[in-house]
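For reference, the sequence and a predicted model appear below.
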Amino acid sequence: MRLSEDRIDFINQQILDALLADGMIAVEGRPSAVLVEMNRTFIEDLGFEDKMDAEIAAMIQGMKRDIPEGSPEWNAIFMQKKEELANRHGYTL
């Protein structure tokens, strides 16, 4: 995961505070319960993307040709496969 849980919590707290301050949402009960759900959703989403990245990297490494990781060809194939996989799962990049 590219972000720590503390960083995710900080980002979501800023978003929640802004939404509440602007009157864009109203929360019945504790705002901290909303924050917990936001954090869970954010972490789940990042985990799914990490899983996709690992699957795609394994796919590329399993190709007959040796494609050096980080090369322009690797990156092009990676992005193409990532878009295909994301579309297949209904995931928006």
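Nice, thanks for sending it over.

Low-confidence regions, this protein specifically.
Applying pLDDT under 70 to the chain picks out residues 1.

okay, now Gln14: neighbour count?
Residue neighbour count, defined by other Cβ atoms under 10 Å, stands at 10 for Gln14. (Glycine included, C-beta is placed from N, CA and C.)

Quick one: list the elements packing against the helix ranked longest in the chain.
Assignment by DSSP state H gives helix 31-61 as the longest helix of the chain. Contact partners of helix 31-61 among helices and strands, from 3 or more Cβ pairs under 8 Å, 6 or more residues apart in numbering; DSSP states H and E: helix 5-21, helix 72-89.

Just put these in JSON lines and tack on distance to Lys51.
Shown next, in JSON lines, are these (distance: least, Cβ to Cβ, whole Å):
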{"stretch": "helix 5-21", "distance to Lys51": "17"}
{"stretch": "helix 72-89", "distance to Lys51": "10"}
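
For Asp45, see how far away the nearest residue to Pro31 once chain neighbours are set aside is.
With sequence-adjacent residues excluded and distances taken as Cβ to Cβ, 6 or more residues apart in numbering, Pro31 is closest to Leu16, at 6.3 Å. Distance, Leu16 to Asp45, by Cβ to Cβ, to the nearest Å: 16 Å.

Name the residues that touch stretch 43-50?
Met1, Arg2, Leu3, Glu5, Ile8, His89, Tyr91 (Cβ atoms under 8 Å, 6 or more residues apart in numbering).
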